[in-house]
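Student: One predicted model, sequence on top.
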Amino acid sequence: MRFSMLKRMVVVLGLCLSVTAQAVDINVGTQFQLEAIRGIGPKMAERIINERNERGLFKSWDDFSARVKGVGDKKLQTMQADGLTLTADVTANPK
C-alpha cells in the first residue's frame, strides 16, 4: 500500500515536470497566455494588454518595463526565464 502511494506520487511529479513551458510573445499574447507566465497575474496581464492596445507594440524590454507599472529588472528576469519573449516587428509576414 505504501509503495503504491509513493509510486503514484512519483508519476504525478514526473508528469508535472514534463510539461514544457511555451514561449509567449508580449506583443501578441492573450490574457490567458500571459497569465501562464510566472510573475504575471490577471491584473498584470490586463495592464500589459491595455498598454499595448493604447500605445502600440512594445519596441524593447526597456520600453516594456517603462510603460507597464510593476515591471522591474527582477520581475522582468523572472518573466523571461519562464518564456516571455518580445518580437518588435510582429507584422512581418513572409510570403
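Tutor: Here it is on my side, so go on. Numbering: from 1, shown residues only.

Student: Could you pull up phi and psi at Leu84?
Tutor: phi -70, psi 130 (degrees, to the nearest 10).

Student: Now do the contacts for it.
Tutor: With contacts defined as Cβ atoms under 8 Å, 6 or more residues apart in numbering, the neighbours of Leu84 are Ala23, Val24, Ile26, Ile37, Ile40. (Glycine included, C-beta is placed from N, CA and C.)

Student: and if we set it to 6 Å?
Tutor: Taking Cβ atoms under 6 Å, 6 or more residues apart in numbering, we find Leu84 in contact with Val24, Ile26, Ile37.

Student: Gly56 versus that one, what's the distance?
Tutor: Counting by Cβ to Cβ, to the nearest Å, the gap from Leu84 to Gly56 is 18 Å.

Student: By mean pLDDT, which helix or strand of the protein comes out lowest?
Tutor: Here the helix or strand of the chain ranked lowest by mean pLDDT, DSSP states H and E is helix 2-18, holding a mean of 57.

Student: And the residue nearest to the spatial centre of the chain, its phi and psi?
Tutor: Centroid-nearest residue in the chain: Ile37, 3.0 Å away (criterion: Cα atoms, centre = their mean). Reported as degrees, to the nearest 10, the phi and psi values for Ile37 are phi -80, psi 130.

Student: quick one: low-confidence ranges for the chain?
Tutor: Confidence mapping of the chain against pLDDT under 70 gives the ranges 1-3, 5-21, 89-95.
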